[in-house]
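Visitor: For reference, the sequence and a predicted model appear below.
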Amino acid sequence: MSLTQAPPISFDDTAVAFASRSDGELRRMYALFAAMNNNSLVKTGSSLMKTALKWHLPGTKFLIKKSIFEQFCGGETIQECLPVVQELGRYHIGTILDYSVEGEGSDKSFDATTTELLATLDLAHRSQHIPFSVFKVTGIGNSAILEKMQAGKTLSSAEEISFEKTKKRINAICARAHQYGVRVFVDAEESWFQETIDQLAYEMMQRYNRESAIVWNTYQLYRHDRLEALRQAHQEAVRGGYHLGGKLVRGAYMEKEARVAAQQGIPNPINPTKEATDALYDQALRYCVEHLDHISVCAGTHNEASSLLLTQLLQQHNIRPDDARVWFAQLYGMSDNLSYNLANAGYNTAKYVPYGPVEAVMPYLLRRAAENTAIAGQTSREFLLIQKEMARRKVRNT
């Protein structure tokens, strides 16, 4: 086997996927995912959880924290996340600390979020297990102003001041990342202000990506124009003499995008079918691997076919599995069959680990529950894999 080749990989290897889980933890996961496979139970439970938190009913926060929160989040604070960081690191999986508290729209809340983001970078600088930080521009700046900028409307003097503050917060984060040599993702958001976010990200790349990709933009490939946007960004990077960092995801705002497009009477930016999105995502992977001289890429996906494709592309192009320009990433608590098997085979792999107060991350938790809910009688992939591993252990122990 050459230095550039990884051992054969199977995403069905549950022994590797759940190596970090005790029998008790696996049973807890089984119960949780079994509940999430019940559509009516998820809807009822979600409503009850929100109501119980709103009324501050005794024991509610504890129950949430010891169940769905523990499965999908690292903790309420950076300090609480440290055991998760260390545990993932034992299996050569990096952590991406994702502060999942939405700003309240005030300078005070934007500044507080910026301070928290800088703290994640400080920890990343001290830890060998945190290769990336991440932030949403709307967490540190006013989305209405971003939208107005994209629409080409003139900002008021107060809005200009606010926008400058946003740029200063972004620069503070990217400058700290550059100082430490820690990569930072700029998350993608809604299409009606994504171009403004893109421009802010590219300005930071021009400043801080001269030696390597420190600042990474995010491309939602469920939008039919994102591969072209990636190509144009690459060409600009080549002309500008800096490295492009690109995190490729499928997307997070499909229903909202379609609804707003219909309301405004404009074309829907989303691909017409899932198959079209899958094809576009894989084209983007191929493009990035073919241009690694100027592009660093992270496949932020739970899709097994796309993940396998990227491993094959690396082998075809004679690129080492641990090449620092190529990463895989999945959400904490999901797709361990991808993360652990990729890391075990030597690929650079990281988990997005959300954290924040239980009440603040409830929207995130409810989205995870909805994603794992059975559709038309189907059982989620997560649940099936847990069942398979429990059966394997039962046979092993008999």
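Guide: Cool, the structure landed. Numbering: from 1, shown residues only.

Visitor: rest of the way, CA atoms for contacts and neighbours
Guide: OK.

Visitor: can you give me the helices in the stretch 151-300 of the chain?
Guide: 157-180, 191-208, 226-240, 254-264, 274-290 (DSSP state H, counting those that start in this stretch).

Visitor: got the buried residues for the fourth one?
Guide: The neighbour-count check on helix 254-264 (16 or more other C-alpha atoms under 10 Å) flags 254, 257, 261 as buried.

Visitor: Could you dump those into TSV with distance to residue 325 and pLDDT added?
Guide: Shown next, in TSV, are those (distance: C-alpha to C-alpha, whole Å; pLDDT from 0 to 100):
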residue	distance to residue 325	pLDDT
254	29	89
257	31	94
261	36	94
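
Visitor: Now these in CSV, please, with extra columns for distance to residue 386.
Guide: Shown next, in CSV, are those (distance: C-alpha to C-alpha, whole Å):
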residue, distance to residue 386
254, 29
257, 34
261, 39
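
Visitor: and among the helices of the stretch 151-300 of the chain, the most buried is which?
Guide: helix 191-208 (a mean of 19; mean count of other C-alpha atoms under 10 Å).

Visitor: give me the low-pLDDT residue ranges for this structure?
Guide: Applying pLDDT under 70 to the chain picks out residues 1-7, 103, 374-379.

Visitor: thought residue 211 was touching residue 242?
Guide: Yes. The pair residue 211 / residue 242 is scored as a contact, 7.2 Å apart, by C-alpha atoms under 8 Å.

Visitor: Comparing those two, which residue is more hemmed in?
Guide: Neighbours per residue, other C-alpha atoms under 10 Å: of residue 211 and residue 242, the larger number sits with residue 242, 22 against 9.

Visitor: quick one: contacts for the more buried one?
Guide: Under the criterion of C-alpha atoms under 8 Å, 6 or more residues apart in numbering, the neighbours of residue 242 are 205, 206, 209, 210, 211, 212, 294.

Visitor: between the residues you listed, which is nearest residue 94?
Guide: Closest to residue 94 out of the contacts of residue 242 is residue 212 (19.0 Å), distances taken as C-alpha to C-alpha.

Visitor: gap between the closest one and residue 328?
Guide: Distance of residue 212 to residue 328, given as C-alpha to C-alpha, to the nearest Å: 18 Å.

Visitor: What of residue 310?
Guide: From residue 310 to residue 328 the distance is 9 Å (C-alpha to C-alpha).

Visitor: So if I had to pick from these two, which one is more boxed in?
Guide: Using other C-alpha under 10 Å, the more surrounded residue of residue 310 and residue 328 is residue 328, with 26 against 20.

Visitor: Counting by contacts, list what the helix or strand the more buried one falls within packs against.
Guide: Using DSSP states H and E, residue 328 sits in strand 326-331. Contact here means 3 or more C-alpha pairs under 8 Å, 6 or more residues apart in numbering; DSSP states H and E; on that basis strand 326-331 packs against strand 295-300, helix 336-344, strand 349-355.

Visitor: Dihedrals phi and psi, residue 99?
Guide: As for residue 99, its main-chain torsions (degrees, to the nearest 10) stand at phi -70, psi 110.

Visitor: Need the three-state assignment for residue 49.
Guide: Here residue 49 is recorded as helix under DSSP: H, G, I helix; E, B strand; the rest coil.

Visitor: if I look at it, how far off is residue 392?
Guide: Between residue 49 and residue 392 the distance is 34 Å, computed by C-alpha to C-alpha.
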